[in-house]
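Colleague: below are the sequence and a predicted model; questions follow.
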Amino acid sequence: MASLSDQLEEVRVNAEGSLSTPGSAQEMRTGVAAMANIPLPPSSKYRNIAAESMLTENGCGNNRSESLSLLQKLSTALNILEKYGSNLTNPNRPKYWRTVKYNNPVFRTTVDSIQGGRAVLNLYGYTNQQQDGLSFPDDVVQPDVGKVASVTLEVMCLRMELDMLIKGTHPHPEFFERLIPSLTVQDDEEISTDAVAFSPSEKPWEKQPPSSESTPPQPKSPFSQALALSSLVPSKQTENCTICGIFPVSAHCPTCAQRLCTECDRLYHSHSGRSTHIRIPVTSSKAIKRLSSSLSTWQCKYCTTVNTMQQVLCETCERPRLSSSAPSLQEEPSQPSTISEWQCKSCTVVNAGSSILCEVCDRPRLATRPPVAPSRPTPSATGLLDSQWVCQFCTYVNHTPSTVCEMCCLSKSEPALSPSKPLPLSPVKDIPPLSATPKVMPTEDPDLKRQRLMREEGLKLIQLIREGEKKGVSPEEVYTSMCVSGNSNVMPYDWLKAELPHVLDEICVMAASCQQEPNAQTNSSGGNDGQDGQKSNAVPLSRAEAKRAWLAAGGDNEKAVRQALRDRRVKVKELGSLGFNDVTRCEEALRQSGGDVRGALVLLQRPLLEPFHQRMWSDEPEPPIDINHPDKQHVCRRLLAMFELPSWGRCELVLSLLRDPSATYTLEDVVQAVRESPDRDFIRRVLNKECPICLSVFPHSKMQSLTSCQCSVCCGCFKQHFTIAVRDKHIRDMVCPVCTEPDINDPEHLNSYFSTLDIQLRDCLEADVYDLFHKKLTEQALIKDPKFLWCSHCSYGFIYDGDQLKVTCMQCRKSFCAQCKKPWEPQHVGLSCEQFQLWKRENDPEYQRQGLAGYLRDNGITCPNCRFQYALARGGCMHFCCSQCRYQFCSGCNNPFHSKCAVNQCTVTGLHAHHPRDCLFYLRDWEPARLQALLQKKAVNYNTDTATGAQTGVCGVIEQKDEGPRPTDSPCGAQTQPGQAGLCEKHYREYLVSLINGHSIDPALLYAHDELIVACRRYHVDVSQGEGEDERAYFARLLKKLMDDVPLGDKVLRKK
């Protein structure tokens, strides 16, 4: 068999696992109960928390009652510590789990009021000491769930052991009595002679019916070994709530295995993780009847505790509501009971709280215990004596042959057999025979008669209480009126209606006279100060106060007067502690509220709230907050009310920042910064941001930034930059004014960037500027439509849905071809664009005169983004920027130019593009003869002669030149060479490359060895040479691999 230490370790591991991971709450409670019932002292059971120190420092009192009261306070604090640990182990932790505030009233009255509470929080991880509380260190992101679960398990186990010790059900109280010697000191209470003593082996409440042999075996729990130790403790089944333990069960949750009352069910299942649980309503077998009462509380005459009207027994001493003020010799000691149960004073049977009569002896709840009458024989027949016996516990008369009492179910006690002495023989005398047997009259047994009278009185009282409830009279009023009216034939509720107002008025008059007597004595002695002047104007009692005192006094008017005055003084003192020192006003408020302190407090606070109400309902604006107001708390309260700051410390931080002489912040800026962080240095950095454009200092709330970068500029510079960009520049110039991000050529991020920018500019720009921005944004979107066309005459763009080649511009009313974008001519009708181009070359004299210069013009630059055509030669620089959409691309291969490359393994920085090997970017360095050889290899014809009528000696190709403030279109003007078709060498190469691209000829066919190696490395082709591979085979393999793996440019214009 495993030792106790091994059992403890096994139970600890299983319980910590169920606590640190989401699981069944019932399994976790079972593990805690198993650990609590292991018979080990606290020094051996608790390894994390100092359990013995907490018990000795927080539980030592003068006697057992005082020590149990201190241990109850420690148990409450452990309950709060348990909730802190459960929040840390829960995956859905609260929002402010990192800190514990000292000003929290629950923390201050529970955890902080015991010794060792903060030490447990340090074990959880709250090791950072702050001015207003404890917190986790800044470098700790998540709590140590394993350690927190271990500490929380010990807190839960210690709290469960304390609860069992307080209730008297702990299996090993000697462990705690050794640490707290006062637990063995009994209170000065009188032991009742009616107590029943049982031997240790006789425990009738533990008797259970024998289990059947056919019962299937139950699954073994991980806590079964430790639970076997707890089986020695008697268990008490209860139908109260499993959380609060006070109110009856109203719902059962199968998911979390909880049986809860209405309020606990609402609070427990309001959590988002448990809101979907399905609860099963639980109805009591007997309907609960609530006694209607005009009063809300009643005071116990024995211990002066104020209880609610729904409580029949006192919450402290558990005595009945109408019991006498001192215990009698025959009164039983108070029995532990809950609010939902009551114990009969006659037969000690525990009944449900909803029943008025005892289920066994049918005596009413408020009836006291009858006196015990000695059992004595009656002058009845001998057979009757032998067939009856009186129970010595409940005095009920039972009949033989039963040996168990029918009321209390206790066994009949057999008297000890004593040796009988032989009676002396009497002399025999002659007795004359009687003529007839005399008739014996049967007499009623006194005990039976007493029980019958008790039943009749109880039924009569129950009938009166039920009739009183129907007429709105409480049971206390019925009972008190019966005591006052005596045995008169007047019904209690009739007496209350007719006589009670006069009695209450009499009590009020007597109380007023008692209030005036000490005032008169004080005035006669000459002590006439301000306080006595207030007392001389004593306010009389109200009927509600007199009625409450009359019921508490049991109908005694003199006692009611003393009780009412005593209650009045206590309530006035309570109101004085709340700041209302005017006795007369307090008494008047109590009179108007009928003795209710809350109602009196409302009446007293109403004049104080009048200025606030007037300010709230007035149309005047709220006065600004005066930072230099002398009352610091007044300013902090207004900051809390107006700006909803998270704590009082944040309000004080705002006030200290604003009162700094060197501060230039506004109140709104400081409040916004303090909401983000309580760090003073961080707040100063947030409030002092420098604009990189105007170099002025602004708070973070006055700065704006784009989502594409981390740059921040002030609101004025932000507005000015984008206003100028919208009015005078292109839509692609609307980037960050500091770092010019993002890259507008990237189409993936373009839509998301403009959608976010639209939200920022909506509240920043003026209405007309914002409309212009939307117009340009719409045009930018229309350009991407495949049906969008640019007019070749006026550069006007529009959507064309027709299927004819001839398109008429809606702006200039001129026509052009929808496919080749050339101005429309009548000869184009019925011909394709290629046939029309061939016809012009053969029949148009002007076209023939221009020669290849016209060919280059017709096959000019076309923007790949917006498809706008430029009748220009490509010239020397391949970087082209479209004037319509600002798209930057290579005029030879149409690949985009960008600053940040998206190609993997690219090491080029700055503005660049990735050109294919057949792009003009690489082929413009070849000699014309080499380009002609490449065309001849594929049998492609090319021109070498100057066209008839063309200008000789000077190149006439139109190109864009940077002359003056703006680029201009003008002829090339360079000298021509013979055999180059009347073009300069640069434009003749462009002409030959256009033929190579049009026929998809791969220039790698003419690569030399060095050129092939450079091209393979450029396009990341493996150039390693195999062992024994000769140069020719190596060259052929590289050439084939390059042509197969790296295709030609997919955006280069080719013939269809």
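Modeller: That came in fine, so what should we check first?

Colleague: so who does Phe773 touch?
Modeller: The contact partners of Phe773, taken as Cβ atoms under 8 Å, 6 or more residues apart in numbering, are 722, 726, 731, 734, 758, 761, 765. Just so you know, the C-beta spots here come from the backbone N, C-alpha and C atoms, and that holds for glycine as well.

Colleague: quick check: the two most widely separated of the residues you listed?
Modeller: Spatially, the most separated pair among those is Ile731 and Leu765, at 13.9 Å (Cβ to Cβ).

Colleague: how near is the closest residue to Phe136 other than its chain neighbours to Cys694?
Modeller: Closest residue to Phe136 apart from its sequence neighbours, by Cβ to Cβ, 6 or more residues apart in numbering: Arg98 at 4.8 Å. Remark: distance between Arg98 and Cys694 (Cβ to Cβ, to the nearest Å) = 39 Å.

Colleague: for the two, indicate the residue with more neighbours.
Modeller: A direct count of neighbours by other Cβ atoms under 10 Å for Arg98 and Cys694 places Arg98 higher, at 19 against 13.

Colleague: and the strands in the stretch 401-550 of the chain?
Modeller: Read by DSSP state E, counting those that start in this stretch, the stretch 401-550 of the chain holds no strands at all.

Colleague: for it, give me the ranges with low pLDDT.
Modeller: Counting by pLDDT under 70, the stretch 401-550 of the chain shows low-confidence ranges at 407-408, 413-442, 487-488, 517-537.

Colleague: give me the below-cutoff pLDDT ranges for the stretch 701-850 of the chain.
Modeller: In the stretch 701-850 of the chain (pLDDT under 70), the answer is 744-749, 841-850.

Colleague: one more pass at 50, please.
Modeller: Within the stretch 701-850 of the chain, no stretch has pLDDT under 50.

Colleague: can you give me the strands for it?
Modeller: 703-704, 713-714, 788-790, 797-799, 806-808, 815-817.

Colleague: hey, which helix or strand in the protein has the poorest pLDDT?
Modeller: In the chain, no helix or strand scores lower on mean pLDDT, DSSP states H and E than helix 224-230, which sits at a mean of 38.

Colleague: so after that helix, what's the next helix or strand?
Modeller: strand 251-253 (DSSP states H and E).

Colleague: which elements pack onto that next one?
Modeller: Here strand 251-253 touches strand 258-260, helix 262-268, strand 280-281, going by 3 or more Cβ pairs under 8 Å, 6 or more residues apart in numbering; DSSP states H and E.

Colleague: ok, residues contacting that strand?
Modeller: 258-260, 262, 265, 269, 277-282.

Colleague: within the helices and strands, which one has the residue nearest to Tyr46 when sequence neighbours are not counted?
Modeller: Among residues not flanking Tyr46 along the chain, Glu154 sits closest, at 5.0 Å (Cβ to Cβ, 6+ apart). Glu154 is part of helix 145-167 when elements are defined by DSSP H and E.

Colleague: check which residues of that helix are buried.
Modeller: Using 16 or more other Cβ atoms under 10 Å as the test for burial, helix 145-167 gives 145, 147-165.

Colleague: tell me the helix or strand right after it.
Modeller: Using DSSP H and E, the helix or strand that follows helix 145-167 in sequence is helix 174-179.

Colleague: that next one: which residues count as buried?
Modeller: By 16+ other Cβ under 10 Å, the buried positions in helix 174-179 come out as 175-176, 179.

Colleague: ok, now stretch 261-280?
Modeller: Buried, per 16+ other Cβ under 10 Å, within stretch 261-280: 261, 264-265, 268-269, 277, 279.

Colleague: hmm, who's touching that stretch?
Modeller: The contact list for stretch 261-280, computed with Cβ under 8 Å, 6+ apart, reads 92, 240-241, 243-244, 246-256, 258, 260.

Colleague: any of those residues buried? List them.
Modeller: 240-241, 243, 247-251, 253, 258, 260.

Colleague: of the residues you listed, closest to Thr808?
Modeller: Cys253 (77.4 Å).

Colleague: mind checking how far that closest one is from Ala939?
Modeller: Separation of Cys253 from Ala939 (Cβ to Cβ): 89 Å.

Colleague: correct me if wrong: Gly146 contacts Leu19.
Modeller: No. Gly146 is beyond contact range of Leu19, at 9.9 Å (criterion: Cβ atoms under 8 Å).

Colleague: pLDDT on the helix or strand Ser43 falls within, on average?
Modeller: For Ser43, the element it lies in under DSSP H and E is helix 42-45. On average, the pLDDT along helix 42-45 is 86.

Colleague: not counting that helix itself, show me its contacts.
Modeller: Under the contact criterion Cβ under 8 Å, 6+ apart, helix 42-45 has outside partners 5, 8, 35, 38, 51-52, 55, 157-158, 175-176, 179.

Colleague: let me have the residues you listed in JSON lines, adding distance to Gly61 and pLDDT as columns.
Modeller: JSON lines is the format used below for the contacts of helix 42-45 (distance: Cβ to Cβ, whole Å; pLDDT from 0 to 100):
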{"residue": "Ser5", "distance to Gly61": "32", "pLDDT": "82"}
{"residue": "Leu8", "distance to Gly61": "30", "pLDDT": "86"}
{"residue": "Met35", "distance to Gly61": "27", "pLDDT": "86"}
{"residue": "Ile38", "distance to Gly61": "27", "pLDDT": "88"}
{"residue": "Ala51", "distance to Gly61": "18", "pLDDT": "88"}
{"residue": "Glu52", "distance to Gly61": "17", "pLDDT": "88"}
{"residue": "Leu55", "distance to Gly61": "12", "pLDDT": "89"}
{"residue": "Cys157", "distance to Gly61": "23", "pLDDT": "92"}
{"residue": "Leu158", "distance to Gly61": "18", "pLDDT": "90"}
{"residue": "Phe175", "distance to Gly61": "18", "pLDDT": "86"}
{"residue": "Phe176", "distance to Gly61": "13", "pLDDT": "87"}
{"residue": "Leu179", "distance to Gly61": "13", "pLDDT": "86"}
